[in-house]
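[1] Show me how the following folds:
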Amino acid sequence: MSAFTDKVIEITNLIPKGKVVSYGQVALMAGVPRGARQVGWILHQFGDETPWWRVINNAGRISTKCLEHDANMQKEFLEKEGVQVTKRLNIDIENYRWRPSHEILGKLALDDQYVFEIQEKFSLS
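    Take a look at the predicted model:
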């Protein structure tokens, strides 16, 4: 696996139950700001190793097209964790967004300036 793949899996495994992040947020936290699509492919390939259902698009919508792990499955998994999902597969992403602490971001071995930018973008603590 690549370092980026490893980092995506690590980050996704850190997302607490009942919280979600966007594909772009994972990519940014992994140090590849334009890697949102790659995050989707990684989660498709390595979904058994991570809680993939906690990653949604930045508009707050379940957008998976995978037949193995379809949108209704993702909806069901999220609802079991207390996340409210509408019939149209929408989620109030800002209400449920995981906002990792500076300490957790620091463990991802990112440059301090980059951590600051992530915190600013997602209003993280």
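
[2] Then N72 would be within a strand, right?
    No: read with DSSP: H, G, I helix; E, B strand; the rest coil, N72 is helix and lies in no strand.

[3] That one: neighbouring residues, count only.
    12 (other Cβ atoms under 10 Å). The way it works is simple: take the backbone N, C-alpha and C, and place the C-beta from them, glycine included.

[4] quick one: it and L78, what's the gap?
    Spatial separation of N72 from L78 under the definition Cβ to Cβ, to the nearest Å is 11 Å.

[5] before we move on, what about P100?
    P100 sits 19 Å away from L78, taking Cβ to Cβ as the criterion.

[6] all strands of this structure, in order?
    In the chain, the strands defined using DSSP state E lie at 21-22, 55-56.

[7] among those strands, which is the most enclosed?
    strand 55-56 (a mean of 26; mean count of other Cβ atoms under 10 Å).

[8] Pairing partners for it, with directions?
    Here strand 55-56 has these sheet partners by DSSP bridges: strand 21-22 (parallel).

[9] could I get the strands of the chain as TSV with mean pLDDT?
    TSV is the format used below for these (pLDDT from 0 to 100):
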stretch	mean pLDDT
strand 21-22	96
strand 55-56	97
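
[10] So which of the ones you listed is nearest E120?
    Put simply, out of the strands of the chain the one that sits nearest E120 is strand 21-22, at 15.7 Å, with distance taken as Cβ to Cβ.

[11] Adding distance to I91, write the strands of the chain out as TSV.
    TSV is the format used below for those (distance: least, Cβ to Cβ, whole Å):
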stretch	distance to I91
strand 21-22	10
strand 55-56	6
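
[12] how about the ones you listed, which one is nearest L108?
    Ranking those by distance to L108, with Cβ to Cβ as the measure, places strand 21-22 first at 13.1 Å.
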